[in-house]
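**Student:** I'd like to go over a predicted model; first the sequence, then the structure.
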Amino acid sequence: EMAEPIQQLTRNNNPQERQTVPFTLIQRKEKLGDLLYEKRQYGKAKWACIKMKEKQYEQSICLGFMKLMRYICEQNSSGLYLGITIPIVTIVHTNESQSEMTQSVTVAYYLPEVLQDEPPHPFDSDIIIEEWPSTIVYSR
């Protein structure tokens, strides 16, 4: 089932073709030359997202990622390979009291800059295009 997306990714697997999600570095904390964390601001942007709820957290991430890869590798309204952006984001959801994790996760792919204004529509109805607001992230 994943043979074609993997072949497409392999054909287009030049590191220089990977686009990182743009951000502004606000703060960088190091200790003895090792990076502890960065505080980053990400701007408002469109993401292709899929919410999964399998029995195991890892299954949800893998299945969500495979569905996004099919979208990236031609199963979209443009019929084209969209290109890889990094990172692919996984959001773990918690219950209402935020006291424990649920089985539900969201896997998200940042749409490349050239597609931000008019993202291709996914053929998979489980994938939705969302516009995320500007946010502050701590990264290690």
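**Tutor:** Okay, I see it. What you see is a predicted model; the values in this text were computed from it and never measured.
**Student:** tell me the helices in the protein, going along the chain?
**Tutor:** 3-11, 57-72 (DSSP state H).
**Student:** quick one, what contacts Thr106?
**Tutor:** For Thr106, the contact set (CB atoms under 8 Å, 6 or more residues apart in numbering) comprises Cys49, Ile50, Lys51, Met52, Gly64, Val89, Thr90, Ile91, His93. C-betas here are computed from N, CA, C, even on glycine.
**Student:** picking that back up, lowest mean pLDDT across the helices of the chain, which one is that?
**Tutor:** Mean pLDDT is lowest for helix 3-11 out of those, coming in at a mean of 54.
**Student:** about what we covered before: go through the contacts of Thr106 and name the one nearest Pro122.
**Tutor:** Nearest to Pro122 among those: Ile50, at 8.8 Å, using CB to CB.
**Student:** could you flag which of the contacts of Thr106 are buried?
**Tutor:** Neighbour-count burial (16 or more other CB atoms under 10 Å) applied to the contacts of Thr106 gives Cys49, Ile50, Lys51, Met52, Gly64, Val89.
**Student:** Please report how far the second one lies from Gln41.
**Tutor:** Going back to what we said before, that points to Ile50. Going from Ile50 to Gln41 by CB to CB, to the nearest Å gives 25 Å.
**Student:** hang on, the earlier thing: CSV please, covering the contacts of Thr106 and showing distance to Tyr138.
**Tutor:** Converted to CSV, the contacts of Thr106 look like this (distance: CB to CB, whole Å):
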residue, distance to Tyr138
Cys49, 21
Ile50, 24
Lys51, 24
Met52, 25
Gly64, 23
Val89, 14
Thr90, 16
Ile91, 15
His93, 19
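**Student:** any idea which of those is the one closest to Glu118?
**Tutor:** When those are compared for distance to Glu118 (CB to CB), Cys49 wins out at 17.4 Å.
**Student:** what pairs with the closest one across the strands?
**Tutor:** Ala108, Ile128 (DSSP bridges).
**Student:** hang on, it packs against Tyr110?
**Tutor:** No. Using CB atoms under 8 Å, Cys49 is not in contact with Tyr110; the gap is 10.3 Å.
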